[in-house]
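1. Kindly return the folded structure for what I paste below:
(one chain, ligands or ions: 1)
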Amino acid sequence: GVAEVIVQPVPLQRLDTLLTPDRIDRLEAYVAAARRLLEGRVVWNVNSTARGGGVAEMLHTLVAYAAGTGVDIRWLVVGGEPEFFAVTKRIHNRLHGVPGDAGRLDATARATYDATLARQREEVVARVQPRDVVLLHDPQTAGLARALRERGALVVWRCHVGLDEHNEWTREAWGFLRELVEPAQACIFSRESFAPDWVDRRWLRVIPPSLDPFSPKNTDLDPGEVEALVHREGLVVEGAPLPTDRRAVLQVSRWDRLKDMAGVLDAFAEHLDELPPDVHLVLAGPATDGVADDPEAAAVLAECREQWHSLPAQVRDRSHLVCVPMDDLDDNARVVNALQRWSTVVVQKSLAEGFGLTVTEPMWKGRPVVASAVGGIRDQVEDGVSGVLLDDPRDGAALVAALSGLLGDADRRREMGRAAHLRVRDHYLADRHLIQYAELFAQLVG
Ligand code: UDP
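-> Residues are numbered from 1 along each chain as shown. All right, here's what the predicted structure looks like:
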């Protein structure tokens, strides 16, 4: 059924130390206007998981800040059976341009999708009052748009995924979603190119995610804490415990084929000789019972483990698979935080990506990143300045060449890390994000 996630409000003033006075003034003006506008209305967010993945990550912090401004903002999570999530994962994969599995997005898939949401629609609709604003996140919740609109709510559908160049798979997924999404008044994408052509351009907004510097995922840690968190017992599921006197290259991701953990491991194994001898590889993801709406995680992790076992001993000695427990979210976040700070270079070799928080997070921490030039990552990183972009996400040799260049040049790493931090400060903090929402709400309500 439907569950509400309770988020403690956080005062927006917490951001003040990071922003220029102009930016603070601008934010306060928008917030004051939005508060007046939303008086007597609730802003609802609806998605399908409270933890694991970028959407949950972002909602935890953005809802907290919005609540801190005095806006009545709430967060609902819809549930579903494995069959429902198999269909939505298929949609998710296809919006990224790959089939994912052999299933179809046909009438049977539609029936499975509808059946799960039908049971929860009434519950959601009963909580929402006419005039409320509802933000539906991703394909899992698109099927609620029509009923909420009929209820008299202002409905926005926000899609966090996408592919720049549409193909047969994206077209199939958009064909499935079209009639579900069309009742929404406005749509939000992380990049304009992700939107199918039938989305009304007057009501299309491009709003990338943001990062919270004060969340346990990003807050400063002293070196002792970093060491303790990284070397905690039980984190490594394949390979030796993380070394203490070596450098690390890290990728953090959900266990999802589009993140291509396997490709990172392959590239590392194949080109090991091209990397300095003190460099280890760490691939870290959530313990797989953790992410409710991702049915493929366990299989992808199992494949990675098998692949690791098939590698020569000299590769296994220098590569480590890590599973971060998900039972305590703050603790999970602190471990990821520590891994990102502890690493010398961070990789994101995604084959497709709506927007990669796993790129923004190490950038904030001043880490140089090497990432595929796909989707939102192309906006996040300026190639050669705030990180390195790889034109072909499948090219393992290019990945290792970029890594080896950075690992051999401490000055360049430092400069790139500094530029990366500034890039996040200037473009990806909550003030920009909240202002964009406030602008949209003003247009919707006004
Ligand atoms: N993440 C985490 N623990 C893990 C793996 C990932 O907390 O073991 C977080 C990661 O730090 C980031 C989010 O999950 O905040 C992933 O977001 P991103 O936008 O990179 O990709 P998505 O998972 O949404 O496709």
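
2. pLDDT below threshold where in the stretch 151-300 of the chain?
-> 290-292 (pLDDT under 70).

3. Tell me the residues on it that lie near the ligand, please.
-> The interface of the stretch 151-300 of the chain toward the ligand, taken as CB under 6 Å from any ligand atom, is made up of 217, 252, 254, 284-286. Just so you know, the C-beta spots here come from the backbone N, C-alpha and C atoms, and that holds for glycine as well.

4. And the strands in the protein, which stretches?
-> 3-5, 43-47, 73-77, 133-137, 154-159, 186-189, 204-206, 236-238, 247-252, 279-286, 319-324, 345-348, 369-372, 388-390 (DSSP state E).

5. Mind putting those strands into TSV with mean neighbour count?
-> TSV is the format used below for the strands of the chain (neighbours: other CB atoms under 10 Å):
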stretch	mean neighbour count
strand 3-5	13
strand 43-47	24
strand 73-77	22
strand 133-137	25
strand 154-159	24
strand 186-189	22
strand 204-206	15
strand 236-238	17
strand 247-252	23
strand 279-286	24
strand 319-324	22
strand 345-348	28
strand 369-372	28
strand 388-390	22
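
6. Nearest to Glu225, out of those strands?
-> Glu225 sits nearest to strand 319-324 of all the strands of the chain, at 15.6 Å, using CB to CB.

7. Can you name the residues in contact with the closest one?
-> 235-240, 242, 265, 268-269, 280-288, 301, 304-305, 308, 311, 332, 335-336, 339 (CB atoms under 8 Å, 6 or more residues apart in numbering).

8. Kindly recompute the last result at 6 Å.
-> 235-239, 242, 281-284, 286-287, 308, 332, 335 (CB atoms under 6 Å, 6 or more residues apart in numbering).

9. again, but for stretch 56-74
-> By CB under 6 Å, 6+ apart, stretch 56-74 touches 7, 9-12, 31, 35, 38, 42-45, 49-50, 75, 209, 212, 215, 357, 430.

10. Just the buried ones from these?
-> 7, 10, 12, 31, 38, 42-45, 49-50, 75, 209, 212, 215, 357, 430 (16 or more other CB atoms under 10 Å).

11. Helices - which of these land there?
-> 31, 357, 430 (DSSP state H).

12. among those residues, which are in reach of the ligand?
-> Applying CB under 6 Å from any ligand atom to these, those adjacent to the ligand are Leu357.

13. What is the nearest of the ones in helices among the buried ones among the contacts of stretch 56-74 to Pro139?
-> Pro139 lies nearest to Leu357 out of these, by CB to CB, at 18.9 Å.

14. who are the neighbours in contact with the closest residue to the ligand within the stretch 51-200 of the chain?
-> Residue nearest to the ligand within the stretch 51-200 of the chain: Gly54 (2.7 Å; CB to the nearest ligand atom). Gly54 is in contact with Leu357, counting by CB under 6 Å, 6+ apart.

15. change it to 10 Å
-> 160-161, 190, 209, 254, 353-358, 360 (CB atoms under 10 Å, 6 or more residues apart in numbering).

16. same deal with Asp106?
-> 172, 176.

17. Give me the phi and psi for Asp106.
-> In terms of degrees, to the nearest 10, the main-chain angles of Asp106 are phi -110, psi -160.

18. same question but for Arg51, I mixed them up
-> Given degrees, to the nearest 10, the pair of backbone angles that Arg51 has is phi -150, psi 150.

19. what's the most distant pair in the contacts of strand 319-324?
-> Spanning the widest gap among the contacts of strand 319-324 are Trp308 and Asn332, at 22.1 Å by CB to CB.

20. So which of the contacts of strand 319-324 is the closest to the ligand?
-> The closest of those, once distances to the ligand are taken by CB to the nearest ligand atom, is Pro286, at 3.7 Å.

21. Mind listing the residues bridging to the closest one?
-> Val324 (DSSP bridges).

22. re earlier: any idea how far the residue of the stretch 51-200 of the chain closest to the ligand lies from Asn167?
-> 23 Å (CB to CB, to the nearest Å).

23. excluding its backbone neighbours, what's nearest His160?
-> Distance criterion CB to CB, 6 or more residues apart in numbering; nearest residue to His160, sequence neighbours excluded, is Gly354 at 4.9 Å.

24. how many neighbours does the one you found have?
-> Counted with other CB atoms under 10 Å, the neighbours of Gly354 add up to 26.

25. Now for it: which residues touch it?
-> Taking CB under 10 Å, 6+ apart, we find Gly354 in contact with 54-55, 92, 95-96, 138, 159-163, 189-191, 194, 208-209, 374-377.

26. rerun at 7 Å
-> Gly354 makes contacts with 160-162, 190, 194, 375-376, as judged by CB atoms under 7 Å, 6 or more residues apart in numbering.

27. Tell me the pLDDT of it.
-> Here, the pLDDT recorded for Gly354 equals 95.

28. Phi and psi next, for it.
-> Given degrees, to the nearest 10, the pair of backbone angles that Gly354 has is phi -60, psi -50.

29. measure it to the ligand for me?
-> As judged by CB to the nearest ligand atom, to the nearest Å, Gly354 and the ligand stand 7 Å apart.

30. looking at it, Gln140 is touching Asp293, isn't it?
-> Yes - counting by CB atoms under 7 Å, Gln140 touches Asp293, with 6.3 Å between them.

31. Quick check: neighbours shared by those two?
-> 48, 88.

32. so how far is Val388 from Pro196?
-> From Pro196 to Val388 the distance is 31 Å (CB to CB).
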